[in-house]
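Student: Test case, fold it:
(one chain, ligands or ions: 1)
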Amino acid sequence: MCNIVIIVEKILQMASSRKVIELFYDVVSPYSWLGFEVMCRYRNVWNIDLKLRPAFLGGIMQGSGNKPPGLVPNKFLYMTTDLHRLAQYFQVPISPPADPFEAMFEKGSLSAMRFVAAVQEREVGGDKQVEQVSRELWMRIWSQDKDITQPASLSEAAMKAGLSACEVEELLKLSTSKEIKDKLKRSTQEALDHRAFGFPLAVCHVNGKAEVFFGSDRFELIAHCIGQHILEELLASLANELATSVAGCALTNHQSHTPN
Ligand SMILES: N[C@@H](CCC(=O)N[C@@H](CS)C(=O)NCC(=O)O)C(=O)O
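Tutor: Predicted coordinates for the structure are as follows:
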């Protein structure tokens, strides 16, 4: 019994110390979409406080001196196959636009990410709208080969995400303001301060330290970093202790009912 109490106390202690994970992303990036969806799923499985951090990948490339990987022909070919496999594996409906270069580099995502930043600025008490608007924008560029640069496109995505025409009108105006431009610049700079060179970027805050992960293929390491394995071990020990204790009770019960 004593062991069970100690284990339960430890589990409760872990459950009460929710780890914060910030996810920096841009809807121009298909790997960010994968990272975003998987993180949104794990948010309910792991005991984490997920903070969505819309930012601008173009600014990350420039600020870090990196180049988009799609500009290397062999990488581009590999990524096309890789994304197809990942989309099936993670059940995210990625289907590249007919002209990925036009969509990613000519049109880009600056107005879209300013719009998402505006949604976040106005949203109170959570990230639900930011999550849904981001998802709708990814659906447009990385699933339906639709524009994400024009106000009408942003408006369509936001309305699909459940915002009213009135809210959208205000957000479109806000998204071109200096306040929002600066907000997006600050988030992008914060990612650069974490030494970002691409997206998605997950920053786990553990015991006062920021642990940084690039890519949508680092979930096992993130789980380890936030101590998920410790929780799993505790749950396994608890199950063990309970099974031993139940077996002990059953034996005692059986003996007390057996006639001498
Ligand atoms: N291995 C990573 C690749 C992620 C990735 O290629 N992200 C692109 C944006 S879609 C990027 O920013 N790349 C920068 C780089 O590879 O240097 C994953 O599976 O998620």
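Student: If we ignore the residues flanking it in sequence, what's nearest Ser29?
Tutor: Leaving out its chain neighbours, the residue that sits closest to Ser29 by Cβ to Cβ, 6 or more residues apart in numbering is Phe199, at 4.8 Å. C-beta here means a position set from N, CA and C on the backbone, and glycine is covered the same way.
Student: oh sorry, the question was meant for Trp46
Tutor: Nearest non-adjacent residue to Trp46 (Cβ to Cβ, 6+ apart): Gln228, at 5.9 Å.
Student: So what's the residue count around that neighbour?
Tutor: If you count neighbours by other Cβ atoms under 10 Å, Gln228 ends up with 20.
Student: and if you look at Trp33?
Tutor: For Trp33, using other Cβ under 10 Å, the count is 30.
Student: Remind me what the helix or strand where it lies packs against, helices and strands.
Tutor: Element membership for Trp33, per DSSP states H and E: helix 30-42. Here helix 30-42 is seen to pack against strand 19-25, strand 48-54, helix 73-90, helix 128-142 when contacts are counted using 3 or more Cβ pairs under 8 Å, 6 or more residues apart in numbering; DSSP states H and E.
Student: Could you name the helices and strands sitting against the second one?
Tutor: In this case it means strand 48-54. Using 3+ Cβ pairs under 8 Å, 6+ apart, strand 48-54 sits against strand 19-25, helix 30-42, helix 110-122, helix 128-142, helix 178-193.
Student: how big is the angle separating the first one from helix 178-193?
Tutor: Comparing the axes of strand 19-25 and helix 178-193 via axes from the mean of the first three to the mean of the last three Cα atoms, to 10 degrees yields an angle of 110 degrees.
Student: Could you do the third one as well?
Tutor: Put simply, helix 110-122 runs at 100 degrees to helix 178-193, going by the same axes, to 10 degrees.
Student: Same question for helix 110-122: list its buried residues.
Tutor: Neighbour counts using 16 or more other Cβ atoms under 10 Å place 110-120 of helix 110-122 among the buried residues.
Student: on that earlier part again, how about CSV for the helices and strands packed on strand 48-54, with mean pLDDT and distance to the ligand added?
Tutor: Below are the helices and strands packed on strand 48-54 laid out as CSV (pLDDT from 0 to 100; distance: least, Cβ to the nearest ligand atom, whole Å):
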stretch, mean pLDDT, distance to the ligand
strand 19-25, 97, 9
helix 30-42, 98, 4
helix 110-122, 98, 14
helix 128-142, 98, 10
helix 178-193, 98, 11
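Student: Which one, of these, ends up nearest to Leu171?
Tutor: helix 110-122 (4.7 Å; Cβ to Cβ).
Student: My guess is Ser32 contacts Tyr25. True?
Tutor: Yes: using Cβ atoms under 8 Å, Ser32 makes contact with Tyr25 at a distance of 3.8 Å.
Student: between these two, what contacts are shared?
Tutor: Shared contacts of Ser32 and Tyr25 (Cβ atoms under 8 Å, 6 or more residues apart in numbering): 199-200.
Student: which residues sit in contact with Gly126?
Tutor: With Cβ under 8 Å, 6+ apart, Gly126 has no contacts at all.
Student: typed the wrong thing, it's Lys146
Tutor: 140, 153.
Student: Shouldn't it be within a helix?
Tutor: No: Lys146 is assigned coil when assessed by DSSP: H, G, I helix; E, B strand; the rest coil, not a helix.
Student: where does the residue of the chain found nearest the ligand land in three-state SS?
Tutor: Nearest residue of the chain to the ligand, counting by Cβ to the nearest ligand atom: Gly198, 2.4 Å away. Secondary structure state of Gly198, per three-state DSSP, is coil.
Student: how close does it get to Leu251?
Tutor: In this view, Gly198 and Leu251 are 59 Å apart by Cβ to Cβ, to the nearest Å.
Student: ok, those two, which is more surrounded?
Tutor: Gly198 (21 against 10).
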